[in-house]
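Trainee: Model the following, please.
(one chain, ligands or ions: 1)
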Amino acid sequence: MNLAQHISETELSAKILRHAVPRMSELNIPVTPDNYAVWYEYFRGVNLDLKRAIDGLLSNQVSFTRDINASLHNRFIQEQSPEVIQTVQVETQLLINSLMSKLSMMTAGTAKFGQSLSDFCNDISLSPDQKTLDGLIDALAQEVSSVVLSNQQMEQSLSMMSQEIVGLKSEMQNLNLVAMTDQLTSLYNRRAFDEELLSHIQYFKQHNTHSSLLIIDIDNFKQFNDLHGHLVGDKVLAYIALALKQGVRGEDFVARYGGEEFVVLLPDTDHAGAMVVAELLRSRIAERRLSIGKDNKLSLGAITVSVGVASLRRGDDRDSYFIRADESLYRAKSAGRNCVKG
Ligand SMILES: Nc1nc2c(ncn2[C@@H]2O[C@H](COP(=O)(O)OP(=O)(O)OP(=O)(O)O)[C@@H](O)[C@H]2O)c(=O)[nH]1
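Mentor: Numbering: from 1, shown residues only. Reported below is the predicted structural model:
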């Protein structure tokens, strides 16, 4: 992005901010990151479906309850979190720019006052008559009260800005978390995994430690979905996510890679150790008999998973490491599923 584009986008964000926040408070909508993302999009006017939906709600005078706000966010925004993060970053930058210009005004004001004081000293040293002295003292008194006033105003606006910065900082943290989280299972998502994998490899290269990777895929999940429906399938995904999270140490990194595939990164774990962890996870999942519904009437039987294991080698990059674990998974599937291969 060139400078001109950046400036015009920054101006656009500021313009939207000025419209969105007052409108939200008029409609009693809390300015949370999710809600702000919805109204940012509304005022940006590019997302026509979102605009139509909100205009419909407004013309029917529907009140923007928590559920309605959440549903707008789920329907129209969820997939766009990186863009929203960028928006908040731009707003933070705007605030910082404004803070910097206020600070430089303050410095300039202090310098001007210093100059007035020094002029006053010079004029006094010329032994002026009483009338001139009265005039000089009046002028200095005015100067002092205008400096006091502008310092008070400056203090107020600095304190408001620092509150806004604290708010934006926590919005950024929330948005980063949302962008890294899989909504269905609350595990980390693929984007978070890609970043973590990269830092594992860097750490491994610097410290020469062990690192292992498991790829875990639910067996015959398509049949399962076809038999019981997607909603039950979703519940099973959430159950497997929990089983994985509870089956590993706190420092291990569990993510949903996509669909019915999960990944676990095991720091400081060699290949033999990773095979033990993988086998434990597999057997615990296979042993459970799942049932759902009222009084657990609907029996789902056993869910099984296949696991591919790889350990990081010198010279590996992200792709070679992941591909080795994926090839192990392929062997586990070919060997009849419900097993671990490394
Ligand atoms: N319920 C639900 N199903 C999903 C989700 N994501 C992917 N799936 C389903 O997961 C199934 C994956 O099917 P396949 O890739 O054929 O794999 P499989 O049936 O598990 O077969 P194997 O992996 O060979 O054991 C498809 O039916 C997808 O629709 C999701 O978020 N929810």
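Trainee: Get me the contact residues on the protein for the ligand.
Mentor: 184, 217-223, 225, 230, 233-234, 237, 259-260, 333, 337 (C-beta under 6 Å from any ligand atom). In this view, the C-beta of every residue, glycine as well, is placed from N, C-alpha and C.
Trainee: Identify those among those that sit within helices.
Mentor: F221, K222, Q223, N225, H230, G233, D234, L237, K333 (DSSP state H).
Trainee: residues in contact with the fourth one?
Mentor: By C-beta atoms under 8 Å, 6 or more residues apart in numbering, the contact list for N225 reads V232, G233.
Trainee: what pLDDT, on average, does the helix or strand where M105 lies get?
Mentor: When secondary structure is defined by DSSP states H and E, M105 falls within helix 81-125. Helix 81-125 shows an average pLDDT of 70 in the prediction.
Trainee: following that helix, which helix or strand shows up next?
Mentor: helix 130-180.
Trainee: Let me see the mean pLDDT of that following helix.
Mentor: 76.
Trainee: what does the helix or strand just after it rub up against?
Mentor: Next helix or strand after helix 130-180 toward the C-terminus (DSSP H and E): helix 190-207. Contact with helix 190-207 is made by 179-181, 188, 209-211, 213, 253, 255-258, 263, 265, 267, 312, 316-318, 321-322, as judged by C-beta under 8 Å, 6+ apart.
Trainee: Domain boundaries for this structure, per the record?
Mentor: 3-76, 82-180, 190-341 (automatic domain parsing).
Trainee: Which part of the stretch 201-342 of the chain gets nearest to the ligand, residue-wise?
Mentor: G233 (2.6 Å; C-beta to the nearest ligand atom).
Trainee: For L300, see how far away the closest residue to that residue other than its chain neighbours is.
Mentor: Leaving aside its chain neighbours, G233 sits nearest to N225 (4.2 Å; criterion: C-beta to C-beta, 6 or more residues apart in numbering). Relative to L300, N225 is positioned 12 Å away (C-beta to C-beta, to the nearest Å).
Trainee: For those two, list the residues in contact with both.
Mentor: Common contacts of N225 and L300 (C-beta under 8 Å, 6+ apart): V232.
Trainee: just to revisit the earlier point, was I right about the residue of the stretch 201-342 of the chain closest to the ligand contacting Q223?
Mentor: No - applying C-beta atoms under 8 Å, one finds G233 not in contact with Q223, separated by 10.5 Å.
Trainee: neighbour-wise, which of those two wins?
Mentor: Comparing G233 with Q223 by other C-beta atoms under 10 Å, the one with more neighbours is G233, at 17 against 9.
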